[in-house]
Structures are given as C-alpha cells and as structure tokens.
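K.L.:
How does the following fold in three dimensions:
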Amino acid sequence: MLEPITSYVAIGDSFSEGLMDPDPRVEDRYRGWTDRLALMLTESSVGGPDLSYANLAIRGRLLDRIVDDQVPQVLEMKPDLVSLCAGGNDCLRPKADIDALAAKFERAVIAMREAGIEVLMCNGFDTEFSTPLIRAVRPRVGIYNAHLWSIAQRHGCHMVDLWGLRSLYAAEMWADDRIHLSTEGHHLVAEQALATLESGRSLPVKGFGLPARPTRAIREVMSEESRWAREYLAPWVGRRLRGQSSGDTLDPKLAELTRVRDLVERSREVDRARENGETGAAGEAGAAGRSDAADLTDSGRTRADETGIGGMNAPRGSEG
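P.N.:
This next block holds a predicted model:
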C-alpha cells in the first residue's frame, strides 16, 4: 500500500513543464498535469494538505540531460514521489537507439527507487491520430512503451497509461501544434495519474479505437498541413539544424520544494493586491507577470479562481 505522499517532484520535458496549458492568472506561464496533480494530492487520501511540490521539467530536454541534470537534484531532495516522464523528444529522432534509451531510463529509476522514492511513470502517446510526420514515430514509441512497462513492473513503479487512455485522443485534448496537450488534455492526464496513485488502476476505459473526428475536404486538410509545417515544423527543424532547443536558456519553473498551500496563499495575495490597486512588490510582480504566485489549476476538486500556485517562470514555446 502506498504511504502518504508529503512531497512530490516532477521532472522531464515540456509535457511535465505544462505546455500548452496557459495560466489564466499570470501571462506567459504554464500549469500542466503535474501542477494539477500536486493540487489534487492535497485533497487525496494518498496525499495531504501539507504537500510540498517542485517542478524541474524543462521543455526540449532529451533523456540524457533529464537523467544527468534533474535526477541528481531529485536524489538530493529525497521526495516521497517523483514523476519521471521522458524520452518523447528522443523518439522523434529517426536514429534514436530505443533500447539504449530504455536502459538509461531504467538506471535512473533504480537510483531513485534505491533512495526510497516512489516513481510515477508515463508511457508514450499513441501518435496514430497525428499528422503523418508524427505518426511515423509510432513504431518507435510502441517499442519504448514496452520497455517502460517492463521497467515499471521490475521496480514497483506506478504507470500512467497514456497510450491506452483513448479519450485523450479527441481533438479538443490537443493544442494547435499537435504535439502538446491542451488545458483539457492536461486535466485528463492529472486525473489518470491520481487514479493510478489512489487505486493502482487507470480511469475506466475500454477498447483501442480512436475518438471519431469530423471528415474534412482534401483541400482543407492540405491547407492545415501546410500551415502546421510552416508554423510548427519549420521552427523545430531550424533549431535542430542550429543545435538549439527551445529550453536552452530556461530554468525550472519551481526549483525548490514548496508547500502547495503556501503557493496558493501567495497567489491570493497577488489577486488582493491587484484588486486593491497596490503597487508593492507583490502587486508589481503580479502585474509584470513575474510573480511566483501563478494559478495552479482547476483540479476538478478546487475552483481555479480561488486557488493558485507559484513558480511558473518559463515563457511559452512550442518544442517538446
């Protein structure tokens, strides 16, 4: 049985940073499924109101940097729970060695499990629904997922089954870039993660068919594919050619373990400062969009306009 979780650290790439789930309270900030899960855990039987949370995930990170940079920080913090969801950016690369990726992932899991940390993993998305270029990675993701399931079974980890969560593949669950989840998608993943921790089982799902999408004329499809390639694919290819990543200059959005309820209260202070027209440090920081008091999430249990969390220090972008 899972012991009560008093501290939680999220590591990984843009998926765990929260792209593209914008914070309605602070400009150029993201929430995401990990922030949402942290808030849900404060009201869950497996968590508690004094839960502390940190998020070290940075967009664009490949598995090597996640394991080399973020995992050592987790081992220093020694939280009760870590979510490690990584490798998706590697799978996008045609020459990725999937077996080697899985071996490195497993070494990271072993280090954290030996430190007594519960590990929450996520398998990869089923890309069958996506644009043809993304759909082409489906075999690699499938093999990687098989390895991840083996790792979870070997080392007693908790697996958030994204591949099998078929409702996640409805159009409204995805952002325009077709790579990142929308607000609705992040919320669904948070619910799936919480169900996994609370019961050891996924949300009720049956079958493997993808949600129906409206039929479109060929001309419309070609126009949308052209726009997608121009707005999202071309910039990504350009960064690849320059050896750059969208997260190269970014720091983690919440680098230290902080009590969620303190972050919530901080966000309320910013709101009060705005309402009162104050010009103090909190009001100025909130108005400038640099406050540590960003909205966490509408968790499904707590109203978004009454709760918030801080530390969202990364501007928006489009790379994973």
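
K.L.:
what ranges do the strands span in the stretch 51-200 of the chain?
P.N.:
52-55, 81-85, 118-122, 158-160 (DSSP state E, counting those that start in this stretch).

K.L.:
just those strands: most buried one?
P.N.:
Of all the strands of the stretch 51-200 of the chain, strand 81-85 carries the top mean neighbour count, a mean of 27, counting by mean count of other Cβ atoms under 10 Å. Every residue, glycine included, has its C-beta placed from N, CA and C.

K.L.:
for the record, mean pLDDT for it?
P.N.:
Strand 81-85 carries an average pLDDT of 98.

K.L.:
Partner strands of it, with direction?
P.N.:
According to DSSP bridges, strand 81-85 forms sheet pairs with strand 7-12 (parallel), strand 118-122 (parallel).

K.L.:
Quick one: distance of the last one to the chain centre.
P.N.:
This means strand 118-122. Distance of strand 118-122 from the chain centroid (Cα atoms, centre = their mean, to the nearest Å) equals 13 Å.

K.L.:
same question, stretch 162-177
P.N.:
With Cα atoms, centre = their mean, you get 14 Å for stretch 162-177.

K.L.:
in it, what's buried?
P.N.:
Buried residues in stretch 162-177, counted by 16 or more other Cβ atoms under 10 Å: L162, W163, G164, L165, R166, L168, Y169, A170, M173, W174, A175, D177.

K.L.:
on that earlier part again, nearest to D99 among the strands of the stretch 51-200 of the chain would be which one?
P.N.:
D99 sits nearest to strand 118-122 of all those, at 17.4 Å, using Cβ to Cβ.

K.L.:
Export that closest one to CSV, keeping only CA atoms.
P.N.:
What follows is strand 118-122, C-alpha atoms only, in CSV (Å, rounded to 0.1, in the frame of the first residue of the first chain):
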residue,chain,number,x,y,z
GLU,A,118,8.1,6.3,-5.3
VAL,A,119,8.3,6.7,-9.0
LEU,A,120,5.3,7.6,-11.2
MET,A,121,6.0,6.9,-14.9
CYS,A,122,4.1,7.8,-18.1
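
K.L.:
what's that strand in contact with?
P.N.:
Contacts to strand 118-122, defined as Cβ atoms under 8 Å, 6 or more residues apart in numbering, come from residues 2-3, 5, 15, 80-85, 109, 112-113, 148, 151-152, 155, 157-160, 162, 189, 193, 196-197.

K.L.:
swap in stretch 144-164?
P.N.:
Defining contact as Cβ under 8 Å, 6+ apart, one finds that stretch 144-164 is touched by 85, 87, 91, 98-99, 101-102, 105-106, 109-110, 113, 118-126, 141, 168, 189, 192-193, 196-197, 200, 202, 205, 208.

K.L.:
Kindly give a single ChimeraX line that selects the buried subset of those.
P.N.:
Selecting the buried subset of the contacts of stretch 144-164 in ChimeraX, with 16+ other Cβ under 10 Å as the burial test, is done by:
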select :85,87,91,98,101,102,105,106,109,113,118,119,120,121,122,123,124,125,126,141,168,189,192,193,196,197,202
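
K.L.:
Inside helices: which ones of the contacts of stretch 144-164?
P.N.:
Cross-referencing the contacts of stretch 144-164 against helices under DSSP state H gives 91, 98-99, 101-102, 105-106, 109-110, 113, 141, 189, 192-193, 196-197.

K.L.:
Would you check which pair of these lies furthest apart?
P.N.:
Applying Cβ to Cβ across the ones in helices among the contacts of stretch 144-164, the maximum distance is between D99 and L197, 29.0 Å.

K.L.:
could you list every residue that touches S7?
P.N.:
L51, S52, Y53, M77, P79, D80, L81, L257.

K.L.:
and the nearest residue to it once chain neighbours are set aside, how many neighbours?
P.N.:
Distances taken as Cβ to Cβ, 6 or more residues apart in numbering put P79 closest to S7, at 3.9 Å, once the chain neighbours are dropped. Using other Cβ atoms under 10 Å, P79 has 22 other residues around it.

K.L.:
Phi, psi for P79 please.
P.N.:
Main-chain torsions, P79, degrees, to the nearest 10: phi -70, psi 170.

K.L.:
hang on, it packs against A38?
P.N.:
No - in this structure P79 lies outside contact range of A38 using Cβ atoms under 8 Å: 11.1 Å.

K.L.:
Identify the contacts common to those two.
P.N.:
By Cβ under 8 Å, 6+ apart, P79 and A38 have these common neighbours: Y8.
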